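Undergrad: got a sequence here, can you build the structure:
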Amino acid sequence: MAALDESYADICIFVEDSNRDGGFGNNLQQIDGRFVDHGTATGLAWEGLGRLHPFRVFCRSIPDQPTLAPTIAPSLPPVVVFPQTYDFPQIQTNQFVHGICVKSTSSYRNIGVESTDPDLQYALIDNMASGVKAWDDRNYIIIGVEDSPCAGSTFLQPSLHKSINRNSEMSVFVDLEEVSATAEICIFVENSNRDGGYRNRLMQLDGRFVDYGSDTGLAWKFSNRNRSSPFHVFCREIPDQPTAAPRVEPTLAPVLAEDLLEIDLPESQTSKLVHGICVSNSKMAQAFTNNDAGTNSGLTYTAVSPFTGNQLAWDDRQYKMTNYAGSPCFEGTFLRPSRHKSIRKGTGISIKAIRATPNELMELCVFFETDHKQRSGKFDTTLPDLGFTDNGTPGIGWNNNELRLFCKEF
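TA: Predicted structure coming up:
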C-alpha cells in the first residue's frame with residue numbers, strides 16, 4: 001500500500017493595507033475560512049519616498065489533508081455566528097473628521113466597516129490605546145483612549161482624515177459568536193463643523209445612542225505638538241436587546257400636550273449671532289439647530305440646570321454669565337450655545353421643553369447682544385411676532401456686558 005504523502009505547502013498573499021487590496025481585506029476570509037489573517041503587524045511592507053507601506057498578510061495550507069482510507073473524517077462542530085449590522089446616517093458636512101471603535105461582550109469572528117465613499121476604507125487595530133495613528137493619510141495620533149469608552153476596543157481606523165464625500169454612509173458589521181452577546185459601537189467626531197452633523201442630529205435620529213460629550217479625554221493631535229482637538233463621543237449597543245419573556249416595559253409618564261413646549265425661533269438675520277437661551281419650570285429642556293446653516297456653524301447646546309453660580313456663557317470662550325440672579329433665567333435651565341458669535345446667517349433654532357410643575361407657568365427667554373455690532377440675529381424685530389415680550393437690558397449678560405432679554409410664558 002502506498003504511503004500517505006504528508007507534505008503540504010503554506011500559501012501566503014500579502015496586499016497593501018489600503019483601498020488597493022483587491023477587496024481581500026474584507027472578503028477573503030468570508031470566501032475561504034481556511035485563511036489565517038496575520039494582520040499588518042508582521043513587519044512586511046514596501047518602501048517608497050522614505051515611507052513604509054505595510055502589507056496585510058493572509059496564509060493557508062494546501063492541500064486540504066486527505067485520510068489514509070475513505071472514512072468519515074472527524075470534523076469540528078460548525079461555527080455559528082450571529083451577524084449584526086449598524087447603518088450610520090448620511091454625513092451632512094463637506095468634511096468629516098471621525099473614527100469608530102467597537103467592543104463586544106464575547107469573541108467575534110469578523111468585524112469591519114463599509115462606506116459608500118469608494119475612497120474611504122477602514123483598518124482594524126485591536127486593543128486601541130493612546131498613541132495609535134488616527135488616520136492612514138496623516139501622522140496625527142489619538143490620545144486619551146484609556147479613560148474613554150474606546151479603552152480596550154477594536155479601533156476601525158479611517159483611511160481619510162477629512163476629505164470624505166458629503167452624504168456618505170457607513171455600515172459597521174460584527175459577527176458575534178454567542179446568541180446573547182452584544183457589541184458596543186462608538187463613533188467619535190471632531191467637536192467642530194466637521195462632525196458630519198452628528199452632534200446635532202444623531203441623538204434625534206437614534207435615541208439609543210449615549211452622548212458622552214467632548215469631555216472624555218479622547219482627542220487627536222499632531223505627534224510633535226501639545227495642542228489637541230477633542231472628539232465628541234456617541235456609543236450604542238447592538239443588537240437592540242429583547243426581553244427574556246413578554247412583559248410590560250416600564251414607561252415614562254405620558255406628557256400632556258399643555259405641558260410640552262416645542263417652538264422654532266425665527267432664522268438669524270445677521271452674519272454673526274451672540275445669544276443664549278433659558279427655560280424656567282422645566283424638567284427637560286433642549287435646543288438644537290434645524291437647518292444646514294446651523295449645522296455648518298457647528299452650533300450645539302448644553303443644558304445647564306439649575307442655572308446658578310459661575311457659569312460659562314459659551315463653550316468656545318472663557319467668558320462668564322453675569323448679573324442673571326434677578327432674571328427669569330435664575331435657577332432654571334440654561335441652554336448654553338457652543339459658539340460665541342460664529343453662527344451663520346439663516347441659522348434656525350428649535351427648542352423643546354417639558355413643564356416640571358403642572359399648572360405653573362413655564363417661561364422661555366432668549367437673550368442676545370444689542371444691535372450696535374450687528375450680532376443680534378434681528379431677534380428684537382422677529383421675536384415679538386411669536387408673542388415674546390421685550391424686557392430690555394435688565395442686567396443679564398457676559399463679563400458685565402448686558403444682553404437684550406425677550407421672554408414668553410407658556
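Undergrad: any weak-confidence spans in the chain?
TA: Within the chain, the stretches with pLDDT under 70 are 1-7, 64-81, 106, 241-255, 371.
Undergrad: domains of it?
TA: The record's domain parsing of the chain by automatic domain parsing lists 9-62, 82-238, 261-409.
Undergrad: what residues are up against the nearest residue to Ile238 once chain neighbours are set aside?
TA: Nearest in space to Ile238, with sequence neighbours left out and distances taken as Cβ to Cβ, 6 or more residues apart in numbering, is Gln84 at 4.8 Å. (Glycine included, C-beta is placed from N, CA and C.) Gln84 makes contact with Phe173, Val174, Asp175, Leu176, Ala183, Ile238, Pro239 under the criterion Cβ atoms under 8 Å, 6 or more residues apart in numbering.
Undergrad: ok, of these, which one's closest to Thr381?
TA: Checking these against Thr381 with Cβ to Cβ, the nearest one is Ile238 at 48.3 Å.
Undergrad: tell me the contacts of Arg199?
TA: Neighbours of Arg199 in contact, by Cβ under 8 Å, 6+ apart: Val189, Asn191, His232, Gly298, Thr300.
Undergrad: tell me which helix or strand it sits in.
TA: Assigned by DSSP states H and E, Arg199 belongs to helix 198-205.
Undergrad: CA atoms only: put that helix into CSV for me.
TA: Extracted C-alpha coordinates of helix 198-205, given in CSV (Å, rounded to 0.1, in the frame of the first residue of the first chain):
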residue,chain,number,x,y,z
TYR,A,198,-23.9,64.2,14.1
ARG,A,199,-23.6,66.4,17.2
ASN,A,200,-27.0,67.9,16.4
ARG,A,201,-28.7,65.1,14.6
LEU,A,202,-27.5,61.7,15.8
MET,A,203,-29.5,61.6,19.1
GLN,A,204,-32.6,62.8,17.3
LEU,A,205,-32.3,60.1,14.6
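Undergrad: tell me which residues of that helix come out buried.
TA: Using 16 or more other Cβ atoms under 10 Å as the test for burial, helix 198-205 gives Tyr198, Arg199, Asn200, Arg201, Leu202, Met203.
Undergrad: reformat the residues you listed as a markdown table; add distance to Gly294.
TA: Formatted as a markdown table, the buried residues of helix 198-205 follow (distance: Cβ to Cβ, whole Å):
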| residue | distance to Gly294 |
| --- | --- |
| Tyr198 | 14 |
| Arg199 | 11 |
| Asn200 | 7 |
| Arg201 | 11 |
| Leu202 | 15 |
| Met203 | 15 |
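Undergrad: now, which of those sits nearest Pro266?
TA: When these are compared for distance to Pro266 (Cβ to Cβ), Asn200 wins out at 18.5 Å.
Undergrad: that closest one against Thr295, yeah?
TA: Yes: the pair Asn200 and Thr295 passes the contact test of Cβ atoms under 8 Å, sitting 5.8 Å apart.
Undergrad: re the thing from before, any chance of a ChimeraX selection covering the buried ones in the contacts of Gln84?
TA: The buried residues among these can be selected in ChimeraX (16+ other Cβ under 10 Å) with this line:
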select :173,174,175,176,183,238
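Undergrad: out of the contacts of Gln84, which is nearest to Arg34?
TA: Minimum distance to Arg34 across the contacts of Gln84 is 16.7 Å, recorded for Asp175 (Cβ to Cβ).
Undergrad: ok, what's across the strand from the closest one?
TA: Listed beta-bridge partners, Asp175: Pro83, Asn110 (assigned using DSSP bridges).
Undergrad: ok, it - contacts?
TA: Going by Cβ under 8 Å, 6+ apart, the list of residues near Asp175 reads Val81, Phe82, Pro83, Gln84, Tyr108, Arg109, Asn110, Ile111.
Undergrad: swap in 6 Å and give it another go.
TA: Neighbour list for Asp175: Val81, Pro83, Tyr108, Arg109, Asn110 [criterion: Cβ atoms under 6 Å, 6 or more residues apart in numbering].
Undergrad: same thing with Leu265?
TA: Residues counted as contacts of Leu265 (Cβ under 6 Å, 6+ apart) are Ile349.
Undergrad: rewinding a little: how near is the residue nearest to Ile238 to Ser282?
TA: Gln84 sits at a distance of 37 Å from Ser282 (criterion: Cβ to Cβ, to the nearest Å).
Undergrad: returning to what we had before: which one of the contacts of Asp175 sits closest to Lys408?
TA: Distance to Lys408 across the contacts of Asp175 (Cβ to Cβ) is lowest for Pro83, with 51.0 Å.
Undergrad: measure the closest one to Ser350 for me?
TA: The gap separating Pro83 from Ser350 is 37 Å, by Cβ to Cβ.
Undergrad: who has more neighbours out of the two?
TA: When Pro83 and Ser350 are compared on other Cβ atoms under 10 Å, the one with more neighbours turns out to be Ser350, at 17 against 12.
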